[in-house]
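Student: what follows is a predicted protein model with its sequence.
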Amino acid sequence: MIAIGVVVTSIAALLIWHVWCLSVTLTDDELIIRNTFRTHRIKWQDVKEIDRDQMLNRERVIVRTKDGRTVPCDSFSGLNLSNERVGVKLIKAVNRRLVDR
């Protein structure tokens, strides 16, 4: 019984750690998207656009690459419970980088 508690606690701690680490980082060379289970490193020359996607009342920010991939940004995802749009500052920052390139 104690072993089951240890396993459940370990899994919960791991999931909390992964959620805690969600982020999007803009560097000179690439866009780094740390999602719950995977980190995506996308070179600036491969970024086609960044946009919002909405399904039901849930919004998320997504990055589309030139080869057709869609990469969600888990840290900018959730229910839209206000008039504030999800990820506005991130989208503006990425678009400024894309214009400068």
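Tutor: That came in fine, so what should we check first?

Student: just the strands in this structure please.
Tutor: All strands of the chain, identified by DSSP state E, fall at 23-26, 30-34, 39-43, 47-55, 58-65, 70-79.

Student: now for the ones you listed, which one comes closest to I11?
Tutor: strand 70-79 (18.4 Å; CB to CB). All C-beta spots, glycine's among them, are computed from the backbone N, C-alpha and C.

Student: for burial, what's the neighbour tally of V94?
Tutor: Using other CB atoms under 10 Å, the number of residues around V94 comes to 22.

Student: roughly how far does it sit from P72?
Tutor: Distance from V94 to P72, counting by CB to CB, to the nearest Å: 14 Å.

Student: dump the residue contacts of E49.
Tutor: 63-64, 98 (CB atoms under 8 Å, 6 or more residues apart in numbering).

Student: residues touching I62, list them.
Tutor: By CB under 8 Å, 6+ apart, the neighbours of I62 are 50-53, 70-73.

Student: go with 7 Å
Tutor: 51, 53, 70-73 (CB atoms under 7 Å, 6 or more residues apart in numbering).

Student: check L31 too.
Tutor: For L31, the contact set (CB under 7 Å, 6+ apart) comprises 42, 44, 47, 63, 94.
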